[in-house]
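J.: Generate a structure from the sequence data that follows.
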Amino acid sequence: GPYLFKGADAPMDVFEVGAVGIAPLKEPPDSNKARRAVRPGEEELLGWRPAIGLEVPSREGWKLEKKLGEGGFGEVWLARHHRTKVSRVFKFCYDPDRLRSFKREMTLFRLLREALGAREDIVRLYEVRLDQPPFFLESAYSEEGDMKDWAARQGGIDKIPMATRIELVAAIADALSAAHSVGVLHKDVKPANVLIRMEIGQPRPVLADFGIGMIGDISQLEARNITMTGFTETMMDNESSRTGTRLYAPPELMTGKPFTVQGDIYSLGVLLYQMVVGDLSRPLAHGWEAQIEDPILREDIAAAVAGNVEQRLKSASELSQRLRRLDSRRAEQRRQKRARTTRLAVGVLAALLALSTTLILYERSLRREATDQRDLANKLKGEAESAQKKAETAQRQAEEHFRLSQDRLERFQLEKAAQLVSHDLPRATLWFAEAMKTEYRAIVEAGFLLQIDCPDLGSCRNNQYRELTDDQFRRIAERNIAALNAATEGLPSDRMRLHI
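T.: Below is the predicted model of the structure:
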């Protein structure tokens, strides 16, 4: 055992090697140079230690073959029965503080066995020695080892088909659900605490190591008259300062909240994440969702590792059912997607139909409007043409009126010209008389010529007619014109030329 030597600050372990019955194998007595430094309760733990080839005390025929691991509690060894060749795992305890953990694990295994019977997915406890050293727990051994060892021999967990990985997690969830059903919380779910056994060529998980587990429902022990060995009142409510492996520990423990069923579900959710990404050492970090392509698995992991305990899955069996219904859920998702696509297509079709109808109605409205505009244009055109015709008619009438007016003017001017002739006949010739007789315009032109010397009627009056009124003057001119007509009647036209 440990001895505190003179001049040393800390005790050192002292061992004696010898043959039983020959060597003293007795601790040296204390002296001024060294004294034993064994604490109360440690004495019974000192003495025998496991080694290759040694037979396990009180377990005849079981010889230790190799060391599987060690921890603060002690060591884990593989032993094989020399006659049956069956292998078992022996967990030895050397730490008095951890001896209570051994007793607690024994109590949990007893409760599981009596409440659930023998289960293939929870490691079986065969023998317990807690009355005298060496203290140990004897449990079933798996040739495949734990999940990490098994995955490593397969070339990595990522080399295992995804369906197999998912089924392993679902089976672990079944085992946890069974333990939870009788009030047992594991508190340390991780690959190293899951053994793998082969069944018809398929890996099957075995949940092991309930060393830091706790009882969530004390009535389960009382109903079966099981002594609460290894438990204290505090442990019944919220067990020990040990909270399992940090990588898999639920976040609520950091705030001092008690461990619950949802704590185990969180650990299982982290394990599911690692199985899906194909890496048993990857932590669940912020943004993990981007690494999960399957939306359904992403949803399941999120439901298991929700930071809020109230939003986390209520039971491990719920996760198991989700995982085993992946195919049907995916089919349902595809069906819903098709239904959404169909609804969307119908909606789009309806929208297109409505739009087409609207466009058709709009096109018809535009066509009617165009027709109305065309009819209006034709009407306006007709009205314009009618107005144009009316204008042309009016213009013709105006021109006719103008012509008539012109004729009247010409006659009036002829009358003036006649008046000139009547009082100044020498300036007229036979041509003028004929022109006056046949064409008013020529007479007007002649009159204009005559007006070169006589610009108006008044200026052309000679003295003898100066005192006459216009009417008197006009009557005289008419008589002269009548006389001129009679005088020139029958004359040839080529002699009718006027030279002024």
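
J.: How many residues are close by residue 298?
T.: Counted with other Cβ atoms under 10 Å, residues neighbouring residue 298 total 17. Every C-beta, even on glycine, is put in place using the N, C-alpha and C of the backbone.

J.: wait, what's in contact with it?
T.: By Cβ atoms under 8 Å, 6 or more residues apart in numbering, residue 298 lies in contact with 289, 292.

J.: isn't there a strand covering it?
T.: No. Counting by DSSP: H, G, I helix; E, B strand; the rest coil, residue 298 falls outside a strand, being helix.

J.: Would you check how far apart it and residue 306 are?
T.: 13 Å (Cβ to Cβ, to the nearest Å).

J.: do residue 4 as well
T.: Counting by Cβ to Cβ - residue 4 and residue 306 are separated by 52 Å.

J.: What of residue 140?
T.: 34 Å.

J.: ditto for residue 279
T.: To residue 306, residue 279 is 22 Å away according to Cβ to Cβ.

J.: Among those two, which residue is more densely surrounded?
T.: Shown here are residue 279 and residue 306; by other Cβ under 10 Å, residue 306 has more neighbours (17 against 14).

J.: can you give me phi and psi for the more buried one?
T.: Phi and psi for residue 306, reported as degrees, to the nearest 10, are phi -60, psi 130.

J.: and it, what pLDDT?
T.: Predicted confidence (pLDDT) for residue 306: 95.

J.: Surely it is in contact with residue 300?
T.: No. Under the criterion of Cβ atoms under 8 Å, residue 306 makes no contact with residue 300, lying 11.3 Å away.

J.: and the residue most central in space within the chain, what pLDDT?
T.: By Cα atoms, centre = their mean, the chain has its centre lying nearest to residue 295, at 11.4 Å. We have a pLDDT of 94 for residue 295.

J.: ok, it to residue 269 distance?
T.: 16 Å.

J.: and what of residue 199?
T.: 26 Å.

J.: higher neighbour count, these two?
T.: residue 269 (27 against 8).

J.: Report the mean per-residue pLDDT for the host helix or strand of that one.
T.: Assigned by DSSP states H and E, residue 269 falls within helix 261-277. Summarised as a single mean, pLDDT over helix 261-277 is 97.

J.: Restrict the helix or strand where residue 152 lies to CA atoms and write it as CSV.
T.: According to DSSP H and E, residue 152 maps onto helix 147-153. Listed next in CSV are the C-alpha coordinates belonging to helix 147-153 (Å, rounded to 0.1, in the frame of the first residue of the first chain):
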residue,chain,number,x,y,z
MET,A,147,-19.0,0.5,-31.0
LYS,A,148,-15.8,2.4,-31.5
ASP,A,149,-13.7,-0.7,-31.7
TRP,A,150,-16.1,-2.5,-34.1
ALA,A,151,-16.4,0.6,-36.3
ALA,A,152,-12.6,0.9,-36.5
ARG,A,153,-12.3,-2.7,-37.7
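
J.: and that helix, what other elements does it pack with?
T.: Under the contact definition 3 or more Cβ pairs under 8 Å, 6 or more residues apart in numbering; DSSP states H and E, helix 147-153 sits against strand 194-199.

J.: again, only using 10 Å
T.: helix 162-181, strand 194-199, strand 202-207, helix 261-277 (3 or more Cβ pairs under 10 Å, 6 or more residues apart in numbering; DSSP states H and E).

J.: buried stuff in it?
T.: 147, 150, 151 (16 or more other Cβ atoms under 10 Å).

J.: And the second one, how far from residue 118?
T.: Noted for residue 150: a distance of 23 Å to residue 118, by Cβ to Cβ.
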